[in-house]
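J.: Here is my input, please return the structure:
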Amino acid sequence: MENKASLILLVVPLLFFSVTINPVHSEYHYESSHKLHLKEKVTHLHFYLFDILSGNKPSAIEVARPNITIGAKLATPFGHVYAIDDELKEGPHANSTVVGNARGLYLSASQDDKLTLVMYVDFGFTAGKFKGSSISVFSRNPVTEAKRELAVVGGRGRFRMARGFARIKTHYFNATNGDAILEYRVTVLHY
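T.: Presented below is the predicted three-dimensional model:
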């Protein structure tokens with residue numbers, strides 16, 4: 001009986017304090033009196049993306065497709081979704097130095113023969129000055145146009161709070177199997 005009494009004396013105050021309302025000083029936002037003295041920088045990047053759908057070790061694979069066939073007969077048909085882990089290289093040749101990778105998704109978004117992709121891709125750099133940093137692209141990519149531009153919508157590491165654009169030019173494209181080497185010239189504004 002004495003054990004029950006001491007247990008009650010221990011539990012009752014704990015319950016009382018856990019049930020009472022304690023003020024919480026929390027808001028979903030706050031304004032800081034500290035000024036961030038960040039200087040905006042402009043960085044220009046130039047690299048080649050190797051998007052390989054063929055062979056024993058493709059860097060882009062189909063992960064979803066519609067259950068009907070619509071549109072032109074392309075290597076990447078309308079409605080198909082691809083996961084990518086493409087190499088970024090300094091040059092357009094197979095033996096060029098790898099500087100990073102492009103990881104994400106693209107969706108074939110055109111029903112006609114003018115291949116258009118909608119891309120969400122993180123371009124992560126694994127070598128050089130920007131090792132460990134990345135830029136994020138979420139944009140429409142009209143592949144058949146000679147000059148095209150993608151929006152840079154964010155970044156991490158040295159590209160934190162990034163915005164900008166990427167100009168893309170096709171260096172090589174195989175319409176049969178979908179393999180491509182793309183030249184990227186990127187202008188990034190960041191802090």
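
J.: Specify the beta-bridge partners of the most centrally placed residue in the chain.
T.: Nearest residue to the geometric centre of the chain (CA atoms, centre = their mean): Asp122, 2.8 Å. Here Asp122 shows beta-bridge partners Arg103, Ser136, assigned using DSSP bridges.

J.: Could you report the separation of it from Leu88?
T.: 11 Å (CB to CB, to the nearest Å). For the C-beta atoms, the positions are set from N, CA and C on the backbone; glycine is no exception.

J.: my read: Met119 touches Phe138, true?
T.: Yes - with contact defined as CB atoms under 8 Å, Met119 reaches Phe138; the gap is 7.1 Å.

J.: Who has more neighbours out of the two?
T.: Taking other CB atoms under 10 Å, Met119 and Phe138 do not tie; Met119 has more neighbours (19 against 15).

J.: Now the phi/psi pair for that one, please.
T.: phi -120, psi 140 (degrees, to the nearest 10).

J.: Ok, Phe173 next?
T.: Here is the backbone geometry of Phe173 (degrees, to the nearest 10): phi -150, psi 130.

J.: Also Gly128?
T.: Per degrees, to the nearest 10, the backbone of Gly128 is at phi 80, psi -160.

J.: Show me the helices in the chain, by range?
T.: Under the criterion DSSP state H, the chain contains helices at 2-19.

J.: Please enumerate the strands of it.
T.: Per DSSP state E, the chain has strands spanning 41-51, 60-64, 81-89, 98-108, 116-125, 134-142, 148-156, 163-173, 180-190. These are given in chain order.

J.: any idea how far Val143 is from Val99?
T.: According to CB to CB, Val99 stands 23 Å off from Val143.

J.: Pick out whichever of those two has more residues nearby.
T.: Set Val99 next to Val143 and count neighbours by other CB under 10 Å: Val99 wins out with 22 against 19.

J.: who are the neighbours in contact with that one?
T.: In this structure, Val99 makes contact with 47, 88-90, 125-128, judged by CB atoms under 8 Å, 6 or more residues apart in numbering.

J.: what about the closest residue to Phe47 other than its chain neighbours, neighbour count?
T.: Among residues not flanking Phe47 along the chain, Leu88 sits closest, at 4.7 Å (CB to CB, 6 or more residues apart in numbering). Leu88: 23 surrounding residues under other CB under 10 Å.

J.: on that earlier part again, overlap in contacts, Asp122 and Leu88.
T.: Taking CB under 8 Å, 6+ apart as the criterion, Asp122 and Leu88 both touch Ala102.

J.: show me where pLDDT drops low in the chain?
T.: Low-confidence segments of the chain (pLDDT under 70): 1-26, 29, 70-75.

J.: let's go with 80 and repeat that
T.: Scanning the chain for pLDDT under 80 picks out 1-37, 68-76, 113.

J.: and the gap between the closest residue to Val81 other than its chain neighbours and Asp86?
T.: Setting aside the residues directly before and after it, Val81 is nearest to Ala64 in space (CB to CB, 6+ apart), at 4.1 Å. Ala64 sits at a distance of 18 Å from Asp86 (criterion: CB to CB).
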